[in-house]
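Asker: when you get a sec, could you give me coordinates for this:
(one chain, ligands or ions: 1)
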Amino acid sequence: MAVEGGALEVPVVWDADCLLHRPAGEVWLGERIDGTEVPERATVILQKLTEAGARVVPPAVHDEAALLAVHDRELVEHLATVWADWEASGFPADFGRDRVVPYVFPTAAMLAGLPCRLPTATHAQVGRYCYDTMTLVGPGSWEAIRAAAGCARTAAELITADAAVAYALCRPPGHHAGPTGYGGSCYLNNAAVAAQALRHAGAERIAVVDIDAHHGNGTQAIFYGRPDVYYGSVHVDPGAGWFPHYMGFADERGNGAGIDANRNVPLAPGSGDDAWLDAVGLLCDDVRAFGVEAIVLSLGVDAAAADPESPLQVTADGYRAAGELIGSLGPVAAIQEGGYDLDSLGDYVLAALAGVAAGRAAASS
Ligand SMILES: [Zn+2]
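Answerer: All right, here's what the predicted structure looks like:
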């Protein structure tokens, strides 16, 4: 895809450690199946963006404070250590269990009002943090999880340092990871790390606009009670039977001081550019009314017509148009979320970023 006006003027923050996470499938309805969140996702995006002339930037070195600003320490420590504990427990060598997967979940129904203890057994601890069976951990996972969050934070820092647009090629994605738990192929919430970094650098109000095909339940949970970070998402209707099933409904509007700083626009399966862009426009109206200094874009491109993970039917031109709308709002740190069709993934990301850059340039001229 040609980029109007020459090379793509968006720095791409990338860390090759993001390739080290190899979940090697997912457990779906009791069966281990091939997963779609594969390292090749990142390599095809990187190739497409560099072909378009984008500059690749390494992430800065960060300490874990950026992670602890949006996640409980227990979750971060679990992710950092669980693979080593799993190995030490003998699961890979003795039982052929080559990835960490939970088997018991301390749901409200199980606890029946009692506090959630930390169980002794590693394999029992996993379900305290991981809320589904699709989000496996293996050797190299933590290095990639940490690298992805670092890329997001660096994109935010580029915005703070006056870049109009920056993009973090994060893998694994992040928007399903909440303050205390992970799932949905996400471990730490890269977009939330970026939003918090922008706040930390002095921005008073931030918006996270999430155009991934699925509701970003983790991002919503992190900011649900906060008046300083707006979260808006367009996604396939969870009420029509789509992940994350339990949240992402239109009546979730925030709580406490965060009332009206949360907006969900669920769309019917099969929705295409018209309905989707109307929803993006509605989120942009919200952001304008909210008044922000910067935008974090959760850029999932799994709303693409060819994507295997969602029933939405959005075109690359639709993504470009959405990018223009969002770029007109202010500086944008775009964070890679989902997108699983390896043949079209790169084109969609390029279209979206070219749109954001064009929208930003038009608004600044
Ligand atoms: Zn998604």
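Asker: where do the strands of the stretch 201-350 of the chain begin and end?
Answerer: All strands of the stretch 201-350 of the chain, identified by DSSP state E, counting those that start in this stretch, fall at 206-210, 229-236, 262-267, 294-299, 332-336.
Asker: to L19, which of those strands lies closest?
Answerer: Nearest to L19 among these is strand 332-336; the distance by CB to CB comes to 13.4 Å. All C-beta spots, glycine's among them, are computed from the backbone N, C-alpha and C.
Asker: could you check the angle strand 206-210 makes with the closest one?
Answerer: Calculated by axes from the mean of the first three to the mean of the last three CA atoms, to 10 degrees, strand 332-336 forms an angle of 40 degrees with strand 206-210.
Asker: buried ones in stretch 86-101?
Answerer: For stretch 86-101, a neighbour-count test (16 or more other CB atoms under 10 Å) marks W86, E87, F91, P92, D98, R99, V100, V101 as buried.
Asker: quick one: pLDDT of D63?
Answerer: According to the prediction, D63 has pLDDT 88.
Asker: ok, it - contacts?
Answerer: Residues in contact with D63 (CB atoms under 8 Å, 6 or more residues apart in numbering): none are found.
Asker: where's it, which helix or strand?
Answerer: Assigned by DSSP states H and E, D63 belongs to neither a helix nor a strand.
Asker: redo the strands of the stretch 201-350 of the chain as CSV? Include mean neighbour count.
Answerer: Listed next are those as CSV, based on neighbours: other CB atoms under 10 Å:
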stretch, mean neighbour count
strand 206-210, 28
strand 229-236, 28
strand 262-267, 22
strand 294-299, 28
strand 332-336, 33
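Asker: those residues of the stretch 251-365 of the chain touching the ion, which are they?
Answerer: For the stretch 251-365 of the chain, the residues found near the ion under the criterion CB under 5 Å from the ion are G300, D302, G338.
Asker: from D17, how far off is L46?
Answerer: 13 Å (CB to CB, to the nearest Å).
Asker: please disregard the earlier target; I meant H71.
Answerer: From H71 across to D17, the span is 19 Å (CB to CB).
Asker: what count of nearby residues applies to the closest residue to the ion within the stretch 251-365 of the chain?
Answerer: Per CB to the ion, G338 is where the stretch 251-365 of the chain lies closest to the ion, at 3.0 Å. The number of residues packed near G338 is 28, by other CB atoms under 10 Å.
Asker: and if you look at P119?
Answerer: If we define neighbours as other CB under 10 Å, then P119 has 14 of them.
Asker: just the pLDDT at it, thanks.
Answerer: At P119 the predicted local distance difference test score is 95.
Asker: tell me which residues touch it, please.
Answerer: For P119, the contact set (CB under 8 Å, 6+ apart) comprises Q125, R128.
Asker: show me what V13 is bridged to.
Answerer: Beta-bridge partners recorded for V13 (DSSP bridges): V57, A168.
Asker: just checking, it touches V165?
Answerer: No. Under the contact definition of CB atoms under 8 Å, V13 does not touch V165, with a separation of 11.6 Å.
Asker: near the ion, which residues of the stretch 101-250 of the chain are found?
Answerer: Within the stretch 101-250 of the chain, the positions near the ion by CB under 5 Å from the ion are D212, A213, H214.
Asker: picking that back up, which one of the strands of the stretch 201-350 of the chain lies closest to S364?
Answerer: In this view, the strands of the stretch 201-350 of the chain are compared for proximity to S364 by CB to CB, and strand 332-336 is the closest at 11.9 Å.
Asker: direction included, what does the closest one pair against?
Answerer: Applying DSSP bridges, strand 332-336 is found paired with strand 165-168 (parallel), strand 294-299 (parallel).
Asker: quick check, pLDDT for the nearest residue to S310 once chain neighbours are set aside.
Answerer: In space, and not counting its chain neighbours, S310 is closest to A213: 3.5 Å by CB to CB, 6 or more residues apart in numbering. Per-residue pLDDT puts A213 at 98.
Asker: just want to know which of H71 and D17 has more residues nearby.
Answerer: The neighbour comparison of H71 against D17 (other CB under 10 Å) goes to H71, with 26 against 19.
Asker: hang on, the more buried one packs against L188?
Answerer: Yes. A contact is recorded between H71 and L188 when judged using CB under 8 Å, the distance being 6.2 Å.
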